[in-house]
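Visitor: Build me a model from this:
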Amino acid sequence: MKSKLLLIVLLGLAIGAGLTLGNTYGIFHISEKLLAVIRWVAIGGLVVYAIQRKTLTTWILVSMVVGAQVGHDWPGVAVHLQVLSQIFLRLIKTIIAPLLFATLVVGIAGHADLKKVGRMGIKALVYFEAVTTVALFIGLAAINLSKAGEGVKLPPGGQQEQITAVKTTATDVILHVFPENLAKSIADGQVLQIVVFSIIFAIALAMLSEDKRRPMMEFAESLSETMFKFTNIVMLFAPIGVGGAIAYTVGNMGMGILVNLFKLLATLYGALAAFLLLVLLPVAILARIPIKRFIKAIAEPVSIAFATSSSEAALPRAMESMEALGVPRKIVAFVLPTGYSFNLDGSTLYLSLASVFVAQAAGIPMSFGQQLIMVFTLMLTSKGVAGVARASLVILLGTAASFNLPVWPIFIILGIDQLMDMARTSVNVIGNCLASAVIARWEGEFGVEQPSPVVQESLVN
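Guide: Numbers count the residues shown, from 1 in each chain. So this is what the prediction gives:
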């Protein structure tokens, strides 16, 4: 019954979308009000289906459709709905620091063999760098094949949003890893600095005698379980936050910008799809990861990442999902947060693609060697400004200054950055979830440790 209802609803949505496109291009001549009614009736059926399914993932997907429709029909209202997504992101950000601290302390200090933790870290870094390098080359190949930047003209009188360009030195990159003030690192959302502090704290705790270590371990274990419960409460607001994010994006940008930069957008999406199919899928098969279970596990965190364009928003749920899949908590707690700074597959691919797009749009020919130098520079500097708002654009502007490229093509990219960010952030989350499973298999611990009852309960709900 549910499957039949879903098919009917999807058919209704497809008909509504087809009629809308036909009306837009003059194939049909149907009242816009009638088209809106058809679309909303189909969406109503989708809501009924979601009520029957009673799963958070379904409600998130429904909210994305509803948000897009609100943004299309009432853009004046939709642009004010960003506050809903901002509330959701703020609540999620309150989870990150205590969750990372607690899980890392339990995972490392509770581990009998600290040498094994170090070995796991080396394996993770080797894997991260290998995969991100492949992503970099795929981005280069895609933009050189599509030549999406060629023929782009500087829009006369176009608005240029001001973003401060920063040049990041090697010293800055190294210093950025280490926290000078834990409270400041938490306030600034510097995930890598929180991870470094937590790792050192956990190692120090592991060196204490059992009677002095036990109280802190019990506190960390209790804090970890509490934060997973906290996550469950916050996730009840996810559909509303996601709907608000999509409504704002569509209402603020409209659909015309997709026509102007469709080639660039299609290049990125095609390159990311190629990366998933040609790199991550074979890696999962070689590591003997159960593909169907893995896809089911990541469906919710990826949908959150896609809608909010925030890896942080998806992190708590991704950690729970990977633990439920069979990845031990100590590996999840180490690999996922570390990957947010060193394993940004989607962002690395995007940076290589976007940087060459800037040169193409400016009419500046670059040899393959010059392109490699530029994108490898980008890959390093991107790790130095993690956590900066619109970090990819900030990095691109800094790179443009370093390589004597004009900045106006970057401001053109800004027009569709939200849509590009959705895709690259989703791939970041997929890549990091897979990395945790691969490292667990590499360590011979995949499926060995059962998830805690709290995690099992949260994912069932």
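Visitor: Off-centre distance for the helix or strand harbouring F275?
Guide: Assigned by DSSP states H and E, F275 falls within helix 262-275. From the chain centre to the centre of helix 262-275 is a distance of 16 Å (Cα atoms, centre = their mean, to the nearest Å).
Visitor: got it, and stretch 59-74?
Guide: 20 Å.
Visitor: contacts for it?
Guide: By Cβ atoms under 8 Å, 6 or more residues apart in numbering, the surrounding residues in contact with stretch 59-74 are 13, 36, 39-40, 43, 46-47, 49-50, 77-78, 81, 238-240, 242-252, 255, 300, 303-304, 307. Heads up, the C-betas are built off the backbone N, CA and C, glycines and all.
Visitor: Please pick the buried ones from the residues you listed.
Guide: Neighbour counting by 16 or more other Cβ atoms under 10 Å classes 13, 36, 39, 43, 46, 49-50, 78, 81, 238-240, 242-251, 300, 303-304, 307 among the contacts of stretch 59-74 as buried.
Visitor: List the ones among those that fall in helices.
Guide: 13, 36, 39, 43, 46, 49-50, 78, 238-240, 242-251, 300, 303-304, 307 (DSSP state H).
Visitor: At which residues are the helices of the stretch 301-450 of the chain located?
Guide: Counting by DSSP state H, counting those that start in this stretch, the stretch 301-450 of the chain has helices at residues 311-325, 329-342, 345-361, 368-381, 391-402, 408-414, 417-442.
Visitor: for the record, mean pLDDT for the last one?
Guide: This points to helix 417-442. Averaged across helix 417-442, pLDDT comes to 87.
Visitor: now swap in stretch 400-408 and tell me
Guide: 73.
Visitor: Could you pull out the buried residues of that stretch?
Guide: For stretch 400-408, the neighbour count (16+ other Cβ under 10 Å) marks A400, F403, L405, W408 as buried.
Visitor: With distance to E312 as extra columns, can I get those in a markdown table?
Guide: Shown next, in a markdown table, are those (distance: Cβ to Cβ, whole Å):
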| residue | distance to E312 |
| --- | --- |
| A400 | 27 |
| F403 | 30 |
| L405 | 30 |
| W408 | 31 |
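Visitor: any idea how this protein splits into domains?
Guide: With domains defined by automatic domain parsing, the chain comprises 2-54, 83-96+113-176+220-235+255-460.
Visitor: Pick out the shakiest of these, pLDDT-wise.
Guide: When mean pLDDT is averaged over each of the domains of the chain, domain 2-54 scores lowest at a mean of 66.
Visitor: Buried residues, the helix ranked longest in the chain. List them.
Guide: If you go by DSSP H, the chain has its longest helix at helix 114-146. The neighbour-count check on helix 114-146 (16+ other Cβ under 10 Å) flags 117, 120, 124, 127-128, 131-132, 134-136, 138-140, 142-144, 146 as buried.
Visitor: which residue sits farthest out from the middle of this structure?
Guide: Ranked by distance from the centre of the chain (Cα atoms, centre = their mean), the top residue is D211, with 41.1 Å.
Visitor: Among the buried residues of stretch 400-408, which pair sits farthest apart?
Guide: F403 and W408 (14.8 Å; Cβ to Cβ).
Visitor: So the nearest residue to F376 once chain neighbours are set aside versus V283, what's the distance?
Guide: Closest residue in space to F376, ignoring its immediate chain neighbours: L136 at 7.5 Å, by Cβ to Cβ, 6 or more residues apart in numbering. Separation of L136 from V283 (Cβ to Cβ, to the nearest Å): 16 Å.
Visitor: sorry, back to before: what's the first helix or strand after the helix holding F275?
Guide: Using DSSP H and E, the helix or strand that follows helix 262-275 in sequence is helix 281-286.
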